Each structure stands twice: as structure tokens, then as C-alpha cells.
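**Q** give me a model of this one.
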Amino acid sequence: MWDERNALDLEKQLVSWRRLFHSNPEVSREEEETSREIAAILQSMGIEVLTFKDHFGVCGVIQGKYPGPTVALRSDMDALPITETNDVPYRSKRPGVMHACGHDGHMAILLGVAKEFSLCHGEFAGTIKFVFQPAEEAAPIGGAGLLIADGVLEDVDVIFGLHLWPDLPCGHIGTRQGPLMAASDRIGIKILGQAAHAGQPQHGVDAITMAADVIQGLGHIMNRQIDPLEAATLSIGNIQGGERYNVIAREVLLDGTVRTLSEKIRRQIAKKVERTITGITAAQGGSYALDYQYGYPVLSNWAEPTDLIILAAQQVLDNEQIHSDVQPVLAAEDFGRYLEKVPGAFFWLGCGKEGEENYHLHSSYFDIDEKALLIGSTIMYKAVLLALTHYNKEKV
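**A** Next up, the predicted model:
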């Protein structure tokens, strides 16, 4: 089992793995080298490795000598299309691609847990799955569904995941029962008008003015048609339209996202969006096409697994470092798809550097305090031990 005497060696290995992945990032659905490296590392530990035909996911499996529950741990693998601006020895070697969301650290943490359990020689009751997921950043579809379709959750009693979190200092964690991160949907709106000469606008239907009214109308949904005590946001992040400065635009494309913490509110917003666009375009003689894509569900932690994470953290950290009722955020994570299928819990692992400016996730300056890696591996390891015992008792 976990040997504190080897902690220094493990920490060095975790940092080495993290920097290897950080230097060689791959974007969603292109994680081929990352997948190959993970599989090779797991195989070098003597761990059974499953790979898949249609994606680059990897699943390591350790069978205990005795029957028992199956506990899964999940890490994401993909990087972002961002050019890194950090001047560090392990900076990205690939222009325009960067691990700016901590997935390099997540992979290292999971490999650290796998390494420690590989040294147990199966002296436990149950099975442990180490799930390395591609395409987490590929919203609204993501990669979790691919692994679920391939049966990774079969026989799984509980699943745990984490995310490096720069808003918390290194040595702290955050979690909560219930909603922790938002559902994430994508909306694509094509506003259709009729082109005309700018000097004779009466002969056309201006898609730009309709688009402006639609954007205002969408804002009114959030300000006046949704309970202000509900957490939700709708943002249009991309607008494209028009062909020439002196031509009334015949088409405008709007691209945006809706974030919610309630499935009820999520469905309400979708209906109100279409109603608003229908009314505005019809009033001005135009039309539209709406592509409303339901993406990641709300990431809602189950009660018992959350308690196990907190118990595991209490074996590693002081109580004041464990934040067990954090405020949810409207960022999204497709770990929520697993939690729709099986019990599980997700937590934020503080990685903020003391006394330094800490940049947010998806920043080209994002980096972590690497001491968080050993903390993450230790908590995950202890959570697995607790889960193997807890769910074994439930099966008896």
C-alpha cells in the first residue's frame, strides 16, 4: 500500500510525467502520441491496457486477488489550440497547442495512483479502472460518451475525477454534494434577410439589425424571464455577417453558449430562445435557422462518493484546507456524463502558486504549482481504498 517513504521519488516521477505531456500537447481527437505514451507507461507497470478502435482513449485495469467492487478513476487527455507564452523548460513544443487546462497534470496524477496500486500485487478485493479520456474540450459532444459506449462503465460501482484549480491555493481542495459545474449547450443561429443597396434599404430585410435585436432579446430572456435566483448565463461569442459596406446584409451567423445548473431551467431557456428568435425575425420580414445543441450535462456529485473524497482528503490535509461546500461554477466538464450513469464525485485540486500571480484556466500563461500533483495522487489513492471497502460492504 501507500508508502510515505517513497513519496519523494513518486513526486519526482509525477513532475516528469506532467512535463512530458505538457511539452507534447495534442488537441481533441488527435491524442495519438499521448495515448501511446500512457499505454506504454501502464504496460511497464504490468497493468492490463485496453485501447479502442474509434478514439484514442486508454483504460488500465488492475484486478485484485479477491472479488469486490469496481472503482474507476478518470483523467482527460487533450490540450487546447492556444499558443503558450510561458518561458519554462517544459513549454509546449507544438506552436498553437498548449495544455492550458491542466490535463497534463491530471494524467500524471492518475498514473501515480496506478503506479502505487501496481506495487500492491493485487492484495485487495475488487477491480480498479484508470480511464484516460480524449476530447474533453470538444464540447458540446466531448469524449466521455465514446468511452461509455465502449463499455468502460460496465460493472463500475463508483467513479472519481478531479480538476486542477488555480482559484484555490496548492494544498486545498474544493467539492460539494450536488451540482458543482454547469451544463453546457451550444447555440448556432443563422439570421436570414434580403440583400439590397444601402441607399435603398426599404427593398431589403437587414439581417444585421435583426441580429442586434435577437442579441438584445436573448439578454431579456436571462434578465426578465428566468428566476434571478437560478444560476444561468447565455453568451454570444461570435458574430459573422454582411458582404460589403454598402450592401444590406442578407445573412448573419451568431454562435454562443448557454450554461445552467438546473435541467429544468436548461429546457426552459431552449424554448424561450426559439420563441424570441421566431418573433423578432417574423416581425421584420426575415427568417432564421436555429441549431441548438444540448451538450454536457450538469456535473452533479453523488452524496456518498463526495463524502469518501472528503474522508480521503482528511487523511492528507488539514480541515481548513478542505472546502466541502464550494459555490458551483458555470464552467462545464463532461465528467457529468459518467455521473448520469453511475455514482461518483469530482473535486477541484488547488494548484495556485503562493505569492505569485495565478492565471486562469485556458490562459496562455496558465501553469501550476507542481506540489499539487502528489497531493492529488494521494487523495485519489486513499479514495479508492475507502471506496473498495465501502462498496464491498454494500455488496455483502
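
**Q** helices and strands of the protein: which one bottoms out on pLDDT?
**A** Taking mean pLDDT, DSSP states H and E as the measure, the chain has helix 371-395 as its least confident helix or strand, at a mean of 94.

**Q** now do that helix: distance to the chain's middle.
**A** Distance of helix 371-395 from the chain centroid (Cα atoms, centre = their mean, to the nearest Å) equals 21 Å.

**Q** that helix: which residues count as buried?
**A** 371-388, 390-392 (16 or more other Cβ atoms under 10 Å). (Each C-beta comes from the backbone N, C-alpha and C, glycine too.)

**Q** same question for stretch 42-59.
**A** In stretch 42-59, counting by 16+ other Cβ under 10 Å, buried: L42, M45, I47, V49, L50, F52, H55, F56, G57, V58, C59.

**Q** starting at the chain centroid, how far to it?
**A** Centroid separation between stretch 42-59 and its chain, computed with Cα atoms, centre = their mean, is 21 Å.

**Q** and the contacts of that stretch?
**A** 29-32, 34-35, 38-39, 60-63, 77, 111, 114-115, 118, 129-135, 143, 146-147, 150, 152 (Cβ atoms under 8 Å, 6 or more residues apart in numbering).

**Q** please save the CA atoms from stretch 252-265 in PDB.
**A** Taking Å, rounded to 0.1, in the frame of the first residue of the first chain, the C-alpha atoms of stretch 252-265 are listed here in PDB:
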ATOM      1  CA  VAL A 252     -25.700  36.900 -40.100                       C
ATOM      2  CA  LEU A 253     -24.400  34.000 -38.100                       C
ATOM      3  CA  LEU A 254     -24.400  34.000 -34.300                       C
ATOM      4  CA  ASP A 255     -22.600  31.400 -32.200                       C
ATOM      5  CA  GLY A 256     -22.900  31.100 -28.500                       C
ATOM      6  CA  THR A 257     -23.300  29.100 -25.400                       C
ATOM      7  CA  VAL A 258     -25.900  28.500 -22.600                       C
ATOM      8  CA  ARG A 259     -24.800  27.500 -19.100                       C
ATOM      9  CA  THR A 260     -27.200  26.200 -16.400                       C
ATOM     10  CA  LEU A 261     -27.100  24.300 -13.100                       C
ATOM     11  CA  SER A 262     -30.700  23.100 -13.400                       C
ATOM     12  CA  GLU A 263     -32.100  20.700 -16.000                       C
ATOM     13  CA  LYS A 264     -35.500  22.400 -15.700                       C
ATOM     14  CA  ILE A 265     -34.000  25.900 -16.400                       C
END
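
**Q** quick one: the helices in the stretch 101-250 of the chain?
**A** 103-118, 144-149, 207-220 (DSSP state H, counting those that start in this stretch).

**Q** and the second one, what other elements does it pack with?
**A** Spelled out, it's helix 144-149. strand 125-133, helix 335-339 (3 or more Cβ pairs under 8 Å, 6 or more residues apart in numbering; DSSP states H and E).

**Q** now render those as CSV, adding mean pLDDT.
**A** Output for the helices and strands packed on helix 144-149, formatted as CSV (pLDDT from 0 to 100):
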stretch, mean pLDDT
strand 125-133, 98
helix 335-339, 98
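
**Q** got those as TSV, with mean neighbour count columns?
**A** Shown next, in TSV, are these (neighbours: other Cβ atoms under 10 Å):
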stretch	mean neighbour count
strand 125-133	23
helix 335-339	25
